[in-house]
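**Q** Provided below for reference: sequence and predicted model.
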Amino acid sequence: QVQLVESGGGLVQAGGSQRLSCAASGRTFSAYVMGWFRQAPGKEREFVGAIWWSGGSTSYADSVKGRFTISKDNAKNTVYLQMNSLKPEDTAIYYCTAQSNWPLSRRPDFGSWGQGTQVTVSS
């Protein structure tokens with residue numbers, strides 16, 4: 001089992017930037033895909049992006065492509081989500097997940113998930 005702890009959320013103005021972190025511990029991660037999802041009030045959890053722990057390939061949702069970047073620090077077992085040009089519609093709780101499958105599942109009972117961190121973008 002992988003334990004995940006997100007940090008870095010908060011309030012930011014539209015057009016601004018914010019970086020989220022996801023610190024992982026537990027099992028070795030080389031076989032995992034690390035993903036970011038988000039959930040806004042009244043909406044379903046949606047895929048934001050992912051990075052393969054082995055190799056570093058990435059994938060992004062169309063809604064964030066070109067604005068968000070996912071990276072990792074192997075030495076720190078940490079995955080980052082750099083968010084630029086933020087929009088009010090990016091407001092949501094952001095979750096980090098570790099799964100051994102692709103595509104990633106949005107089900108909270110599938111794989112490992114962090115507790116989430118709130119990102120609020122003001123207009």
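**A** That came through, no problem.
**Q** When you work out contacts or count neighbours from here on, use the C-alpha atoms and nothing else.
**A** Will do.
**Q** which element is the most centrally placed residue in the chain on?
**A** Residue closest to the average C-alpha location in the chain (C-alpha atoms, centre = their mean): residue 36, at 2.3 Å. If you go by DSSP states H and E, residue 36 is part of strand 33-39.
**Q** Can you list the neighbours in contact with that strand?
**A** Applying C-alpha atoms under 8 Å, 6 or more residues apart in numbering, the external contacts of strand 33-39 come out as 45-53, 79, 81, 92-102, 104, 106.
**Q** and it, how far from the chain's centre?
**A** 4 Å (C-alpha atoms, centre = their mean, to the nearest Å).
**Q** Output that strand as CSV, nothing but the C-alphas.
**A** What follows is strand 33-39, C-alpha atoms only, in CSV (Å, rounded to 0.1, in the frame of the first residue of the first chain):
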residue,chain,number,x,y,z
VAL,A,33,1.4,5.7,-12.4
MET,A,34,1.0,8.8,-10.2
GLY,A,35,-2.0,10.9,-11.1
TRP,A,36,-3.8,14.1,-10.2
PHE,A,37,-7.5,14.3,-10.1
ARG,A,38,-9.8,17.2,-9.0
GLN,A,39,-13.3,17.4,-7.8
